[in-house]
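Participant: Model the following, please.
(one chain, ligands or ions: 1)
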Amino acid sequence: MPPLTRSVDIPAFASTQLALLDAELQSELQETSGLIANTSPTSLQRAGLAITNLVVSSQRTGLGGRTVLELSPDSATAGAGGELPEHGVRTGDIVLVSEQPAGSAKKREIKDLEKKGARGVVIKIKKDAVAIAVDEDKEDALSLSGRVWLVKLADDVTYRRMNLTMEKLQKMTESEYSSFVRVLFGLSSPSPVPRDLSTDPEYEKIEWLDPTLNESQKDAIRFALASREVALIHGPPGTGKTHTLIELILQMVKRDLRVLVCGPSNISVDNIVERLSPHKIPILRLGHPARLLPSVIDHSLDVLTQTSEAGLIVRDVRSEMDAKQASIKKTKSGRERKAIYGDLKELRKEYRERERRCVSTLVKGSKVVLATLHGAGGYQLKNEEFDVIIIDEASQALEAQCWVPLLTAKKAVCAGDHLQLPPTIKSTNSKTNPKLKEGENNIIKGVTLETTLFDRLLSLHGSSIKRMLTTQYRMHEVIMRFPSDQLYESKLIAAEAVKHRLLRDLPYDVEDTEDTNEPVIFIDTQGGDFPEKNEEDADNTGKKGSVRSLYGESKSNEMEAALVRRHVTKLVRAGVKPEDIAVVTPYNAQLGLLAPLKDAFPGIELGSVDGFQGREKEAVVVSLVRSNTEGEVGFLSEKRRLNVAMTRPKRSLVVVGDSETVKRGSKFLSSWMDWLENNADLRYVDAASIETA
Ligand SMILES: Nc1ncnc2c1ncn2[C@@H]1O[C@H](COP(=O)(O)OP(=O)(O)OP(=O)(O)O)[C@@H](O)[C@H]1O
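Facilitator: Model prediction:
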């Protein structure tokens with residue numbers, strides 16, 4: 001067992017997290033309230049953040065007893081067909097619905113708007129209506145009669161949960177620390193686990209439910225079963241992390257363990273629910289139905305309370321509530337309406353009481369419960385005990401978020417890859433952790449919101465608490481080589497089925513050309529003929545850690561965009577379908593330049609590197625953009641970003657960039673450029689031959 005590096009002062013850790021989270025929330029809130037205060041509803045609508053000129057067209061009781069308001073365009077102003085105008089509101093967004101302020105009213109404060117409206121979640125969007133489940137019993141929302149609007153808000157619910165959790169941790173006394181908590185902060189060492197479990201009597205004869213598991217996956221599962229306090233499953237790109245977790249969950253259920261499975265996003269949790277459902281074990285997915293994938297709704301608590309036997313008694317109250325809601329419209333006097341509100345309030349109380357009992361029955365009966373990390377902090381899991389908490393995508397979650405379920409845990413299994421990008425942080429303070437507040441003490445230097453639990457545990461206990469998955473099922477072996485050698489100790493192996501796959505072997509007709517028979521192509525623009533351009537709003541220092549504008553350090557490179565277009569055109573001419581091609585770049589301004597490709601090649605995907613994490617494509621073209629005489633590479637110098645960029649393709653990686661500039665950025669970049677020069681199909685470009693748009 002390696003010696004402990006350094007234990008962590010728990011109260012100081014919690015205070016640091018609280019200060020960092022506060023800085024992050026403030027920067028999010030400022031962004032939203034600044035926009036709402038200083039922008040007219042019409043401009044907010046144009047920016048995709050609001051929908052104006054609506055009326056409440058109906059109201060009913062939705063899942064979970066929540067009041068659902070349906071909003072439609074006001075017929076006085078609606079265009080033909082009564083359709084909603086163009087907007088950027090999505091299902092699951094947190095919004096404020098309120099009386100629409102006059103366009104000229106100045107300085108709109110969210111709290112004033114809220115007095116004449118309510119917060120809620122968007123649960124359905126149709127062409128001519130949008131449905132909002134309002135948060136609380138808001139009579140004001142029920143009586144919204146005139147013209148209303150809705151505007152998107154920052155999601156502060158997640159922060160409230162994280163803060164509560166960190167405050168609890170801060171206040172715990174040493175005697176309250178469980179052995180789990182002690183290990184996670186380095187006050188004790190993890191219980192030792194034998195290095196080779198494949199010959200251990202307890203684990204050698206595991207009956208695997210999935211016959212295709214590879215050795216490293218089996219090893220990770222044995223290790224996760226055998227660990228007493230914590231196990232990390234390190235899943236490099238394409239190595240079947242989720243695949244492994246599914247088997248692990250099933251093995252745990254077989255051992256009669258009760259498991260809570262969490263992830264930072266709804267999609268990460270739904271991904272597991274979808275893959276667990278065919279196994280016919282009782283699973284329960286907690287979470288607002290508006291935010292769940294349609295395919296997992298049947299496992300959701302809200303639906304189960306309706307369909308299960310335990311839910312029968314809840315349903316009677318629900319119909320009574322619906323009848324009352326409907327009768328509001330027919331009332332003539334204020335007094336009558338008030339009486340109905342009174343009845344509704346009583347009924348809602350009754351509903352909640354019955355629902356709570358029903359929920360508790362359902363939760364207690366479930367061996368596997370799944371929720372987002374912050375969803376696990378809801379009332380449904382209060383006082384519930386689990387043998388193991390599994391966290392998927394743990395390297396993309398804020399550590400404070402992980403503690404929501406972990407505070408009362410006995411054991412945790414975290415899956416992730418700390419060599420890909422950490423969660424996105426907006427506030428520079430939360431990224432750099434300067435002295436956060438005047439007079440603030442008990443702050444641990446060097447901890448930032450980008451330091452994840454996964455990172456921290458690895459540096460605390462070393463690799464003895466982790467197992468790495470080593471066979472990857474995505475990339476051609478040449479595409480895999482550089483990231484494997486540089487980041488994954490040369491341990492990655494390409495599975496037989498993928499190691500020699502090229503574009504020309506796609507299961508449809510693709511010509512064998514110089515572009516379809518090479519796994520890695522490097523289009524080198526060195527020579528200074530393809531300079532980058534700075535966007536006006538960008539921070540031009542390019543230094544690591546410098547403040548980025550709202551839309552990122554905007555840099556673009558017209559010539560590179562033209563080269564990308566030329567390459568994509570050749571691929572498509574050779575028969576590659578546009579939907580099998582993606583172009584990724586770290587710079588949003590470059591994405592703007594590339595946008596016309598979407599019209600030329602419908603189906604092609606364009607994305608930022610950060611947004612493409614977790615995704616894959618047959619062919620991926622990476623445009624590096626940076627080309628200057630100073631050798632400035634800005635946030636290209638982040639190894640984890642480059643790792644994500646170069647590990648998205650299955651059969652073809654095409655890098656377009658200026659090796660002279662890029663190689664001066666960092667040791668990693670310089671090795672990559674050298675590697676490309678020696679291993680890629682290298683193409684130099686003659687500036688005169690390129691036509692820009
Ligand atoms: N043992 C295996 N045998 C064959 N194919 C496998 C095996 N394990 C995983 N795969 C395949 O590898 C691909 C990636 O698996 P999965 O989606 O579980 O990966 P992931 O690690 O969660 O994804 P990512 O690498 O993006 O994080 C899938 O197509 C899956 O079917």
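Participant: Now do stretch 395-403: distance to the chain's middle.
Facilitator: Put simply, stretch 395-403 sits 11 Å off its chain's centre (CA atoms, centre = their mean, to the nearest Å).
Participant: gap between the two ends of it?
Facilitator: Start-to-end span of stretch 395-403 (CA to CA, to the nearest Å) is 14 Å.
Participant: again with stretch 511-525
Facilitator: 27 Å.
Participant: what's next to that stretch, contact-wise?
Facilitator: Stretch 511-525 has contacts (CB atoms under 8 Å, 6 or more residues apart in numbering) with 476-479, 502-504, 510, 559-560, 563, 567, 570-571, 574-576, 627, 651-659, 676-677, 679-685. In this view, the C-beta of every residue, glycine as well, is placed from N, C-alpha and C.
Participant: got it, and stretch 186-197?
Facilitator: The contact list for stretch 186-197 (CB under 8 Å, 6+ apart) reads 1, 4-8, 177, 179, 182-183, 200, 203-204, 219, 222-223, 226-230, 460-461, 464-465.
Participant: that older thread, mark which of the contacts of stretch 511-525 are buried, thanks.
Facilitator: Neighbour counting with 16 or more other CB atoms under 10 Å marks 476-479, 502-504, 510, 559-560, 563, 567, 571, 574-576, 627, 651-659, 676, 680-681, 683, 685 as buried within these.
Participant: Return the subset of the contacts of stretch 511-525 lying in strands.
Facilitator: Of the contacts of stretch 511-525, the ones assigned to strands by DSSP state E are Arg651, Ser652, Leu653, Val654, Val655, Val656, Gly657, Asp681, Leu682, Arg683, Tyr684.
Participant: Isn't Gly81 up against Asp128?
Facilitator: Yes: using CB atoms under 8 Å, Gly81 is in contact with Asp128, at 7.3 Å.
Participant: These two - which one has more neighbours?
Facilitator: Asp128 (13 against 8; other CB atoms under 10 Å).
Participant: any idea how this protein splits into domains?
Facilitator: According to the TED database, the chain comprises the domains 22-158, 475-689.
Participant: how about those, which one is nearest the ligand?
Facilitator: domain 475-689 (5.1 Å; CB to the nearest ligand atom).
Participant: could you give the mean pLDDT of that closest one?
Facilitator: The pLDDT scores in domain 475-689 average 89.
Participant: Between its first and last residues, how far does that domain reach?
Facilitator: Taking CA to CA, domain 475-689 runs 32 Å from one end to the other.
Participant: does any part of that domain sit near the ligand?
Facilitator: Yes: using CB under 6 Å from any ligand atom, we find that domain 475-689 touches the ligand at Gly614.
Participant: At the contact with the ligand, which residues of the stretch 151-300 of the chain appear?
Facilitator: Close to the ligand, as judged by CB under 6 Å from any ligand atom, the stretch 151-300 of the chain has residues Thr212, Leu213, Asn214, Gln217, Gly235, Pro237, Gly238, Thr239, Gly240, Lys241, Thr242, His243.
Participant: Now, of these, which are buried?
Facilitator: Members of these classed as buried by 16+ other CB under 10 Å are Leu213, Asn214, Gln217, Gly235, Pro237, Gly238, Thr239, Gly240, Lys241, Thr242, His243.
Participant: What strand or helix carries the last one?
Facilitator: Pointing back at His243 there. Element membership of His243, judged by DSSP states H and E, is helix 241-254.
Participant: do the same with the third one
Facilitator: Counting by DSSP H and E, the secondary-structure element that holds Gln217 is helix 215-226.
Participant: these two touch, right, Phe635 and Ala645?
Facilitator: No: using CB under 8 Å, Phe635 is not in contact with Ala645; the gap is 11.6 Å.
Participant: what's the overlap in contacts for those two?
Facilitator: Pro586.
Participant: More neighbours: these two, which one.
Facilitator: Higher neighbour count among Phe635 and Ala645: Ala645, with 25 against 20, using other CB under 10 Å.
Participant: So what does the more buried one look like in phi/psi?
Facilitator: phi -60, psi -40 (degrees, to the nearest 10).
Participant: What separation do you get for it and Gly611?
Facilitator: Here the criterion is CB to CB, to the nearest Å. By it, Ala645 lies 11 Å from Gly611.
Participant: Ile523 now?
Facilitator: Going from Ile523 to Gly611 by CB to CB gives 23 Å.
Participant: Please identify which of those two sits among more neighbours.
Facilitator: More crowded of Ile523 and Gly611, by other CB under 10 Å: Ile523, with 21 against 15.
Participant: which SS class is the more buried one?
Facilitator: When classified by DSSP: H, G, I helix; E, B strand; the rest coil, Ile523 comes out as strand.
Participant: Bridge partners for it, pull those for me.
Facilitator: Counting by DSSP bridges, Ile523 is bridged to Val656, Arg683.
Participant: name the element Arg315 belongs to?
Facilitator: Using DSSP H and E, Arg315 maps to helix 312-328.
Participant: Note down every partner strand of the strand ranked longest in the chain and its orientation.
Facilitator: Assignment by DSSP E gives strand 50-61 as the longest strand of the chain. Strand 50-61 has these partner strands in its sheet, going by DSSP bridges: strand 67-73 (antiparallel), strand 148-152 (antiparallel).
Participant: Export those strands as JSON lines, with columns for distance to Ser671.
Facilitator: Shown next, in JSON lines, are these (distance: least, CB to CB, whole Å):
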{"stretch": "strand 67-73", "distance to Ser671": "56"}
{"stretch": "strand 148-152", "distance to Ser671": "43"}
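Participant: Need the winner for burial among the ones you listed.
Facilitator: Of the strands paired with strand 50-61, the one with the most neighbours on average (mean count of other CB atoms under 10 Å) is strand 148-152, at a mean of 24.
Participant: right, and the helix or strand after that strand?
Facilitator: Next in line after strand 148-152, if elements are assigned by DSSP H and E, sits helix 157-171.
Participant: returning to that earlier point: check which helices and strands the helix holding Arg315 is in contact with.
Facilitator: Contacts defined by 3 or more CB pairs under 8 Å, 6 or more residues apart in numbering; DSSP states H and E place helix 312-328 against strand 50-61, helix 301-307, helix 334-364.
Participant: between those, which gets the lowest average pLDDT?
Facilitator: Taking the mean pLDDT of the helices and strands packed on helix 312-328, helix 301-307 comes last: a mean of 72.
Participant: Can you tell me the element the nearest residue to Ser659 once chain neighbours are set aside falls in?
Facilitator: In this structure, Ser659 finds its nearest non-sequential neighbour in Met673, 4.5 Å apart by CB to CB, 6 or more residues apart in numbering. Assigned by DSSP H and E, Met673 belongs to helix 667-679.
Participant: Sounds good, over and out.
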